[in-house]
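In: Provided below for reference: sequence and predicted model.
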Amino acid sequence: MKITRLDYKNFKGQSNSIEINRSILLSGANGVGKTTAIDAPCWCLFGKFSDRTESSPKPRDSDNKVVTCDVMVELHTDVGRFKRVYSEIWKTPRGKINQVFGGHETKYYLDGVKVLAREFEAAVAELFTEDQFYIAAVPTYFGTQLHWKLRRQFLSEMIGDPDHRQLIAREPDLEEILIEGKNSLYYETMLKSKKTDLKQVNQDRQSLPDRIDELFNFKKDTQGYSLESLAAEIKDKQDILENGVDDRALMSAREAYQELRRQSAESHNQLLSEQLQHCNTKLDKVNKRITELHDERRGKINLLNQLRDDLRKNNFNVNSLNDSTTKKLLEKKQLQDTKNAYEIDLEKLPDSNGLEDEEMLCSLCGQILPQEILKKNAEKREKYYEAKANNLRELIANSEEKLKGINSELNSDKKMIETLQKNNNKLQKEIEVATHNIIDCEETIEASEKEVDNARALLDKKHKQEREENKASYDKLLQEAYDKMIALQESSLNPEETKIKEEINRLEQIRSNILNNKEIEERIKDLEIKNKALSAKAEELLREVYLYELRLKTWALVIESQLNEKFKMAKFKLFDIQVNGEVKEVCEVLFNGKTTMSQGEEIYVGIDVSEAFSKHWGIDPPILIDGVQNITFKLEFNRQSIQTKTTEDHDLSIKEIA
């Protein structure tokens, strides 16, 4: 795209019209409008300045207040004219005299024709995207303003992914992970995923030793004991108790107590079963009736839905016929108007006999024409007007015929609409009846369900009372049996037996500790197996992370090599090695091996980048160079440019350059 003229009015406080043949240099002191001429094309095309910021293009006064005005920038190019206008909206409220400010609106023009915003944007997009324009047109944008991840993305797109064979040739180990058809995004995602997995595995491993130590602390000292010896010793002690005490009465009391407990449980369960059966029998008829009512309600709802569907279809047909009638009435009116116009034209036709006075005179000399010519002209006139009259009569007859047809259709539609409306009235009544039936049915269901709830509540209350009475009866018997058993047990005890029982309890505790220790040992064994598996998994993930990072480093080296062949001055660094050995993705622009550059070097390197991307994308926007006074190198490019240079002149100077 080549700019041939740049017009702007009130843009950032400047107005100008600049003719451009090849390239131009704008020079002058700060504040004379040099950068404004750089910003104008960017704002016209994308609504942003050359630094890609979205600020107001309106000027400000000495108090830094926005000035009231409209802003216009028009770009004349070899591919068309682009114009953007930023206008103020002023409205007069109802009942007021003075106008009030109502905001701003942006207007767009292509080749002098006002268009929608999306049409304007589409026309610009056919030339280049916004990213492409700023990278190719503004030299400092890529290296100083664009986020490093986006820089890396655009560079990767320029080169594309290297062939797997190139990577394997540098690092044979990469053959383990490289998959045909997978791009860099896949490997970057895999690297992040493996690092996340490794971090989780290491976290899990770190907690295992503490958990194992904690389990060891729970173990009890049971040295010198075994389950077999403990079981034998406990049995011996129990035999001494049984042989030393005549507990036949106690055993009988215990058996009686256990039997009562069994009978109590059986009685409770049997009572529950009988009560449930009684409740179901009592409420079965009502529940069956409720089920029938629900089925009846569903049937009535289906009928109601069917009636509503029929009503909707009828209404649709009525609306369709009404629409058709409206169209036919409009067509009838148009035909009637046309027929009336034909009739008026027929009435206005002059008499076909004879000639008008001006028709009898010669158009050149003004004398009366000879009789023969007058006769011929009269005959021609008569034939012409007769033919025209016949044509009008035929048109009138056709119109009348069409009007008859339309009237017939209108009468037919009217009858159809009346029939449909009658059906609608009938359906409305049926819908009302069906709705009332459903309401009645729902009220009956509600009443029946209330009846069931009340009956169930009464039965539950009665059954609960029966269960409580039954339980109280058995509890009394159980308490008596228990008291008898305890009395017999206490009467049979002596100090020696108490000592034996305490020893049995101690031995039981030791046996419990042994069993608990075994469970702890099993758990420790499981944790050690898990720790071993996690260690193996960590080693596997470490290997995979190493390979994916190696692939990233190798890929970056190959890309860097291929990239640096495409640029004359600019070089790129795509990864950095951290202190811990990890690979960090970067995208640094280098000049003479350093990342820190002067403003002139940034522009110089930026032009190199701009030219490379311009060639890669096949676009040629003008290069917008702000501050060429800082450049000490010879600029080499083949595109149109708009350059600015700061001097001590207080007036803006514009001159053509080669």
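Out: Structure's in. What do you need? Source: prediction; values computed, not measured.

In: Let me see the ranges of the strands in the protein.
Out: Remark: strands assigned in the chain by DSSP state E are 3-11, 14-19, 23-28, 71-77, 80-91, 100-110, 113-115, 571-577, 583-590, 623-626, 641-646, 653-657.

In: for those, which one sits closest to Lys282?
Out: Closest approach to Lys282 among these is made by strand 100-110 (76.3 Å; CB to CB). Every C-beta, even on glycine, is put in place using the N, C-alpha and C of the backbone.

In: From Leu534, how far off is Gln203?
Out: Distance check for Gln203 against Leu534: by CB to CB, to the nearest Å, it reads 10 Å.

In: One more: Leu458?
Out: Distance of Leu458 to Leu534, computed by CB to CB: 64 Å.

In: These two - which one has more neighbours?
Out: Neighbour tally, Leu458 and Leu534, criterion other CB atoms under 10 Å: the higher count belongs to Leu534, 18 against 11.

In: residues touching that one, list them.
Out: Neighbour list for Leu534: 201, 204-205, 208 [criterion: CB atoms under 8 Å, 6 or more residues apart in numbering].

In: Please identify the most buried of the strands of the chain.
Out: Most buried of the strands of the chain, by mean neighbour count (mean count of other CB atoms under 10 Å): strand 623-626, with a mean of 24.

In: Partner strands of it and their direction?
Out: Here strand 623-626 is paired, per DSSP bridges, with strand 641-646 (parallel).

In: circling back: for Lys383, find the nearest of the strands of the chain.
Out: Nearest to Lys383 among the strands of the chain is strand 113-115 (50.9 Å), distances taken as CB to CB.

In: Pull the residues that contact the closest one.
Out: Residues from elsewhere that reach strand 113-115 (CB under 8 Å, 6+ apart): 107-109, 123.

In: Of the residues you listed, which is the nearest to Phe572?
Out: Proximity of those to Phe572, judged by CB to CB, is greatest for Ala123, which lies at 33.7 Å.

In: I figured that closest one hits Phe82, correct?
Out: Yes: with contact defined as CB atoms under 8 Å, Ala123 counts as touching Phe82 (7.5 Å).

In: Need the residues touching each of those two.
Out: Residues touching both Ala123 and Phe82 by CB under 8 Å, 6+ apart: Leu110.

In: buried residues in stretch 154-169?
Out: Judged by neighbour count (16 or more other CB atoms under 10 Å), stretch 154-169 contains these buried residues: 154-156, 158-159, 161-162, 164, 167.

In: How far does it sit from its chain's centre?
Out: Stretch 154-169 sits 33 Å away from the centroid of its parent chain (CA atoms, centre = their mean, to the nearest Å).

In: Can I get that stretch in CSV, CA atoms only?
Out: Only the C-alpha atoms of stretch 154-169 are listed here, as CSV (Å, rounded to 0.1, in the frame of the first residue of the first chain):
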residue,chain,number,x,y,z
PHE,A,154,5.1,-14.7,15.2
LEU,A,155,8.8,-15.8,14.7
SER,A,156,7.7,-19.5,15.0
GLU,A,157,5.0,-19.0,12.4
MET,A,158,7.6,-17.4,10.1
ILE,A,159,9.9,-20.4,10.3
GLY,A,160,7.5,-23.2,11.1
ASP,A,161,8.4,-26.3,13.1
PRO,A,162,11.7,-27.9,12.1
ASP,A,163,11.7,-31.5,10.8
HIS,A,164,12.1,-34.2,13.4
ARG,A,165,15.2,-35.4,11.6
GLN,A,166,16.9,-32.1,12.2
LEU,A,167,16.3,-32.4,15.9
ILE,A,168,17.3,-36.1,16.2
ALA,A,169,20.5,-35.3,14.2
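
In: can you list contacts of that stretch?
Out: Outside stretch 154-169, the residues that touch it by CB under 8 Å, 6+ apart are 131, 135, 142, 146, 174-175, 178, 180, 183-184, 551, 554-555, 558-559, 562-563, 566, 572, 574, 587, 612-613, 616.

In: and it, what's its mean pLDDT?
Out: Predicted confidence along stretch 154-169 averages 85 (mean pLDDT).

In: give me the number of residues near Tyr187?
Out: Residues lying near Tyr187 (other CB under 10 Å) number 21.

In: could you list every residue that touches it?
Out: Tyr187 makes contact with 177, 548, 551-552, 555, according to CB under 8 Å, 6+ apart.

In: go again using 6 Å as the cut-off
Out: Applying CB atoms under 6 Å, 6 or more residues apart in numbering, one finds that Tyr187 lies in contact with Arg551.

In: Also Asp204?
Out: Asp204 sits next to Leu534 when contact means CB under 6 Å, 6+ apart.

In: Just the buried ones from the contacts of stretch 154-169?
Out: Using 16+ other CB under 10 Å, the buried members of the contacts of stretch 154-169 are 131, 135, 142, 146, 174, 184, 551, 554-555, 558-559, 563, 566, 572, 574, 587, 612-613, 616.

In: picking that back up, so which of the strands of the chain gets nearest Asp239?
Out: Nearest of the strands of the chain (CB to CB): strand 583-590, 76.2 Å.

In: Which elements pack onto the closest one?
Out: Contact partners of strand 583-590 among helices and strands, from 3 or more CB pairs under 6 Å, 6 or more residues apart in numbering; DSSP states H and E: helix 148-159, helix 495-566, strand 571-577.

In: CSV for the ones you listed, including distance to Glu296?
Out: Formatted as CSV, the helices and strands packed on strand 583-590 follow (distance: least, CB to CB, whole Å):
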stretch, distance to Glu296
helix 148-159, 68
helix 495-566, 62
strand 571-577, 77
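
In: Quick one: residues contacting Thr554.
Out: Neighbouring residues of Thr554 by CB under 6 Å, 6+ apart: 167, 170-171.

In: Kindly report the same for Ile135.
Out: Going by CB under 6 Å, 6+ apart, the list of residues near Ile135 reads 142, 613.

In: Just the pLDDT at Ile135, thanks.
Out: As predicted, Ile135 sits at a pLDDT of 94.

In: Let me know how buried Lys195 is, in neighbour terms.
Out: Lys195 has 16 neighbours, counted by other CB under 10 Å.
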